[in-house]
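[1] What shape does this take:
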Amino acid sequence: MPFFSQSRILRKMAQHYLWILLLCLQTCLEAAESNTNILTVSGILGETVTFPLNIQDVQQVSTINWRNSKTSVAVVVAHSNKPPQVLVTHQYYNQRINVSSQNYNLEISNLRMEDSETYKADINTDNSEKKTFTRTYKLQVYRRLGKPKITQSLMTSENSTCNVTLTCSVEKEEENVTYRWSPTGKEGSVLQIFQIPKNQELIYTCTAWNPVSNNSDSISAQQLCADDVSKNTIYTCVTAPKDPQPAELRIYDEISLCKMDKTVSTQGRKPPGISSYESVI
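    Numbers count the residues shown, from 1 in each chain. This next block holds a predicted model:
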C-alpha cells in the first residue's frame, strides 16, 4: 500500500477518535451540570438576601467569580489577614453587593423583582491541586403580603339558613400565594358557608401566605347572616282610598304594593310613612 494512502487512513482514524472524545467530553459536562446541586434561596422585595457558600476551608480560596444567567456580577479576591477585595462587574449591582470577610458569602441588598435569577459562584482554590468548583443558586424574590381582603357574594336566606360565598384575596397577588380558612381547614381562596342559627358565633379567618410572609383577615358568621337578612327584606302595604265608600263599592285595584330597595337595611327602623301594623306578609 502506498505511504500516502496509509497516512490518509491514519489521519481519518485520528479525526474519528477525536470526534468521539469530544462527544464524550460534552456528554460528561452536560451530565455534571444537570447533577449540580441547586440551592433555592428566597428573598424579600427591598430587603437583603444571602448566598451561603459553605466553604470548609476559606484559607484556600483565591478568587470567586459570581455570575448570573446573563452577566458577571462580581469578582472577589481573597487576602490573608484582611477583608477580601470586591469588584462589582455590572453597574446594575452597584451599591448593592457585599461580601462577608469571614466566609465570603455574597449579599445582595435592596432586592428587586428582576433579581430573580440563577446565580453561580466559581470558586478557585490556591492549594496544591488548584481546583475550581461551582455553587449554584436559584433566587426567587417575593413581596411581603399585606392584609388580605374578604368579600362576600351570592347571599341567600332560606329556612333559617344563611348561604354565603366568601372570597379571599391579596393586593398584587403573584405566584406561590396560598390560602387556608379556619376553622374549616379548607384550602383555596373561595369558601362556601351554609350558616344555621346554632353556629352564629363562629369566626371565619382567611390566612394568605407565600414563602417569605403571611397575613390574615377574619369575619364573623353573625355579621354575614345579619347582612343577608337586611338585604332581602321586602315590604308590602295596603293603601285605603281617601273618601270612605261602602264596602260593596270598594275595588281591589285600590290596593297598591309598596316596593322597598332590597339593599336598604331595616334593622331597628321601618320605611318612612309606614306604620308597623301596615306591613303584611
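
[2] The stretch 1-150 of the chain: strands as residue ranges?
    38-44, 49-51, 61-68, 72-77, 85-88, 97-99, 106-108, 118-125, 132-142, 149-158 (DSSP state E, counting those that start in this stretch).

[3] can I get the ones you listed in CSV with mean pLDDT?
    Converted to CSV, those look like this (pLDDT from 0 to 100):
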stretch, mean pLDDT
strand 38-44, 95
strand 49-51, 97
strand 61-68, 93
strand 72-77, 94
strand 85-88, 94
strand 97-99, 95
strand 106-108, 97
strand 118-125, 94
strand 132-142, 94
strand 149-158, 80
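
[4] Now distance to residue 224 too, for these, in JSON lines please.
    (Each C-beta comes from the backbone N, C-alpha and C, glycine too.) JSON lines is the format used below for those (distance: least, CB to CB, whole Å):
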{"stretch": "strand 38-44", "distance to residue 224": "34"}
{"stretch": "strand 49-51", "distance to residue 224": "42"}
{"stretch": "strand 61-68", "distance to residue 224": "49"}
{"stretch": "strand 72-77", "distance to residue 224": "52"}
{"stretch": "strand 85-88", "distance to residue 224": "55"}
{"stretch": "strand 97-99", "distance to residue 224": "51"}
{"stretch": "strand 106-108", "distance to residue 224": "46"}
{"stretch": "strand 118-125", "distance to residue 224": "47"}
{"stretch": "strand 132-142", "distance to residue 224": "32"}
{"stretch": "strand 149-158", "distance to residue 224": "6"}
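
[5] With mean neighbour count and distance to residue 208 added, can I get those strands in TSV?
    As requested, these are exported to TSV (neighbours: other CB atoms under 10 Å; distance: least, CB to CB, whole Å):
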stretch	mean neighbour count	distance to residue 208
strand 38-44	15	16
strand 49-51	18	22
strand 61-68	19	30
strand 72-77	18	33
strand 85-88	14	36
strand 97-99	18	32
strand 106-108	20	26
strand 118-125	18	28
strand 132-142	17	12
strand 149-158	13	10
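
[6] Residue 182 is nearest to which of those?
    strand 149-158 (12.6 Å; CB to CB).

[7] Which elements pack onto the closest one?
    strand 161-169, strand 213-220, helix 221-230 (3 or more CB pairs under 8 Å, 6 or more residues apart in numbering; DSSP states H and E).

[8] out of the ones you listed, nearest to residue 101?
    strand 213-220 (30.5 Å).

[9] and residue 176, which of the helices and strands packed on strand 149-158 is closest to it?
    Across the helices and strands packed on strand 149-158, closest to residue 176 is strand 213-220 (CB to CB), at 11.2 Å.

[10] Pull that closest one out as PDB, backbone CA atoms only.
    Listed in PDB are the C-alpha atoms of strand 213-220, where the atom choice follows Å, rounded to 0.1, in the frame of the first residue of the first chain:
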ATOM      1  CA  SER A 213     -44.600  36.100  54.800                       C
ATOM      2  CA  ASN A 214     -48.200  35.500  55.900                       C
ATOM      3  CA  ASN A 215     -51.200  37.600  56.900                       C
ATOM      4  CA  SER A 216     -54.900  37.100  57.800                       C
ATOM      5  CA  ASP A 217     -58.300  38.600  58.000                       C
ATOM      6  CA  SER A 218     -61.500  37.500  59.800                       C
ATOM      7  CA  ILE A 219     -65.200  37.900  59.600                       C
ATOM      8  CA  SER A 220     -68.000  36.700  61.900                       C
END
